[in-house]
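Asker: got a structure for you, letters missing:
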């Protein structure tokens, strides 16, 4: 007990981390970091020696997170996570979670080693030695009870930090989805606005020709010319201004412009209804209408690419926060587009059994393997390559469904693909 940095302060003789932690304790946690998107996860001792490492096939990447592993308040090792820069925000809370897990395993192993050593010593000791050890055990028990209380407090604090980090990640995912949606809607609005602007420029030229023709009539009527001369000169002016083509085209220009303006109005209406920007608190919502609004704001991604099959039955209104159904449907339809086949087909179904509303969103992709179905709604879990997804989209869906007091499950769709089934009670339990 001559140095506060020695592990023998706790267990009776100096131990290194290799003696206190097993491969089976550490490697599953490091491999879990790889599944969450890290390129490499390493545990190093205080001298920088590599004790355990897990690396992804695509390479290590940049050092994005480095946190100490503490024992009795002193650092005994460091955890390093490497990966692509774009997932740095995700790896920081993950590194904190891994440190909490390793700290818990380390403390449990220390307790186990202490118990084993004391048991061996008790068996071989005399009665006097047993009395001495009993006194020491009483002190040790008090000390460990104090340590356990401190550890429990630290675990609660770390858990609260992780919950806050997860909440921030969910909010970032929602903001990213809004950004992608805004870019798509802006593109969808720009198309009709483009030809409306072009048509207005053409109409401006046509109006100029009409005005020139009217000016011609006004000037020549004051000259009191013979009727045949006036008719001949008028016909010649009409041909010069090409007004036969103008009068034939102006109707189409007006029709196209009105159609484009109606398209912009419909997009804005769908987006406004989808966001429920004018609503506060809970209000009755038609989930079939919310599905249609979601399809409307995603029309830029669906049009000409995916077939949408509607099998919707009339539904009673559901009282809830208006933006929640849109979050669910937006993420599930985007997920279906991502994982559908070469010719995407998305089937939307709805029904009501008298107590619960059931919504189904199915695709014709590869489906979700049974072993993964319990994991796909977990934060940071994704089957996409590193850098292609945050793993938070379905976590947003899970959170929104819970707020509706509902459940969500995934099953095999008829003919192949994944079928996400949402069940929501109509009345509050």
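Answerer: Received, thanks. Quick caveat, the model's predicted, so the values are computed rather than measured.

Asker: Tell me how many other residues surround residue 357.
Answerer: By the criterion of other CB atoms under 10 Å, residue 357 has 21 neighbours. The way it works is simple: take the backbone N, C-alpha and C, and place the C-beta from them, glycine included.

Asker: Can you tell me the closest non-neighbouring residue to it?
Answerer: Distances taken as CB to CB, 6 or more residues apart in numbering place residue 424 nearest to residue 357, at 4.8 Å, with adjacent residues excluded.

Asker: ok, now residue 192?
Answerer: Nearest one to residue 192, counting by CB to CB, 6+ apart, is residue 260 at 3.4 Å.

Asker: Could you do residue 104 as well?
Answerer: Distances taken as CB to CB, 6+ apart place residue 155 nearest to residue 104, at 7.4 Å, with adjacent residues excluded.

Asker: repeat for residue 63
Answerer: residue 82 (5.5 Å).

Asker: can you pull the contacts of the one you found?
Answerer: 38, 39, 40, 41, 42, 60, 61, 62, 63, 64 (CB atoms under 8 Å, 6 or more residues apart in numbering).

Asker: Repeat the analysis, applying 7 Å as the threshold.
Answerer: Contact analysis of residue 82 by CB atoms under 7 Å, 6 or more residues apart in numbering lists 38, 39, 40, 60, 61, 62, 63, 64.

Asker: Break the chain into its domains for me.
Answerer: When the chain is parsed with automatic domain parsing, its domains come out as 8-124, 178-274, 281-425.

Asker: Dump those domains into a markdown table; add distance to residue 138 as well.
Answerer: Compiled in a markdown table, the domains of the chain are given as follows (distance: least, CB to CB, whole Å):
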| stretch | distance to residue 138 |
| --- | --- |
| domain 8-124 | 12 |
| domain 178-274 | 60 |
| domain 281-425 | 44 |
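
Asker: want to throw those domains into a markdown table with distance to residue 130 and mean pLDDT?
Answerer: Shown next, in a markdown table, are those (distance: least, CB to CB, whole Å; pLDDT from 0 to 100):
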| stretch | distance to residue 130 | mean pLDDT |
| --- | --- | --- |
| domain 8-124 | 6 | 80 |
| domain 178-274 | 69 | 75 |
| domain 281-425 | 50 | 82 |
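
Asker: right, so of these, which gets closest to residue 145?
Answerer: Closest of the domains of the chain to residue 145 is domain 8-124, at 11.9 Å (criterion: CB to CB).

Asker: The closest one: how far from the chain's middle?
Answerer: Averaging C-alpha positions (CA atoms, centre = their mean, to the nearest Å) puts domain 8-124 29 Å from its chain's average.

Asker: Same question for stretch 211-223.
Answerer: Computed by CA atoms, centre = their mean, the chain-centroid distance of stretch 211-223 equals 66 Å.

Asker: For it, could you pull out the residues that count as buried?
Answerer: Using 16 or more other CB atoms under 10 Å as the test for burial, stretch 211-223 gives 213, 216.

Asker: outside of it, which residues touch it?
Answerer: 230, 233, 237, 238, 241, 243.

Asker: Buried ones among the residues you listed?
Answerer: 237, 238, 241, 243.

Asker: With adjacent residues omitted, what lies nearest to the third one?
Answerer: Closest residue to residue 241 apart from its sequence neighbours, by CB to CB, 6+ apart: residue 209 at 4.5 Å.

Asker: who touches the one you found in this structure?
Answerer: By CB under 7 Å, 6+ apart, the contact list for residue 209 reads 241, 243, 246.

Asker: and residue 151, which of the domains of the chain is closest to it?
Answerer: Residue 151 lies closest to domain 8-124 among the domains of the chain, at 6.6 Å (CB to CB).

Asker: neighbours of the residue nearest to residue 192, just the number please.
Answerer: Residue 260 has 20 neighbours, counted by other CB under 10 Å.

Asker: what sits against it?
Answerer: Residue 260 sits next to 192, 195, 196 when contact means CB under 7 Å, 6+ apart.

Asker: And the residues you listed, which of them are buried?
Answerer: Neighbour-count burial (16+ other CB under 10 Å) applied to these gives 192, 196.

Asker: now, which of the contacts of residue 260 lie within helices?
Answerer: Among these, the members falling in helices are 192, 195, 196 (criterion: DSSP state H).

Asker: Leaving out chain neighbours, which residue sits closest to the last one?
Answerer: Once its chain neighbours are removed from consideration, residue 196 has its nearest residue in residue 260; the separation is 4.5 Å (CB to CB, 6+ apart).

Asker: What of the second one?
Answerer: Closest residue in space to residue 195, ignoring its immediate chain neighbours: residue 260 at 5.9 Å, by CB to CB, 6+ apart.

Asker: Am I right that residue 315 sits in a helix?
Answerer: No - the assignment for residue 315, made by DSSP: H, G, I helix; E, B strand; the rest coil, is coil rather than a helix.

Asker: For it, grab the count of nearby residues.
Answerer: Neighbour tally, residue 315, other CB under 10 Å: 21.

Asker: thinking it is in contact with residue 353, fair?
Answerer: No - under the criterion of CB atoms under 7 Å, residue 315 makes no contact with residue 353, lying 11.0 Å away.
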